[in-house]
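>>> Sequence first, predicted coordinates after that:
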Amino acid sequence: MPRYVVDLNNYLQKQGQLAALRWKESSTGAGNSIQWTTTCILQDEVMGTGVSSQKGHAKEEAAKQVLIKLGLLSG
């Protein structure tokens, strides 16, 4: 699994902005058909949203979108 969340945390920590990072997680469905949605919020602005059947994958996708928006990763 990619380490986009770790990379984002490391970058924000170096910039002194880690406290500005928040995650919002929600799920829909039941049993084996759960869909997770994770939203990454940076300085009160939605920067990325990931959706997956696996909670960790949704968070990684959201972090990836943020890294792309910050110009730290090519899309």
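Done, it's in. Numbers count the residues shown, from 1 in each chain.

>>> Wait, Met47 touches Val66, no?
Yes: contact status for Met47 versus Val66: in contact at 4.4 Å, counting by Cβ atoms under 8 Å. Where C-beta positions appear, they are placed from N, C-alpha and C, glycine not excepted.

>>> which residues do these two both contact?
By Cβ atoms under 8 Å, 6 or more residues apart in numbering, Met47 and Val66 have these common neighbours: Cys40.

>>> When the two are compared, which one has more neighbours?
Neighbours were tallied for Met47 and for Val66 using other Cβ atoms under 10 Å; the higher tally belongs to Val66 (25 against 19).

>>> Return the distance of the helix or strand harbouring that one from the chain's centre.
Under the criterion of DSSP states H and E, Val66 resides in helix 55-69. Centroid separation for helix 55-69 versus its chain: 4 Å, with Cα atoms, centre = their mean, to the nearest Å.

>>> If you count neighbours, what's buried in that helix?
57-67 (16 or more other Cβ atoms under 10 Å).
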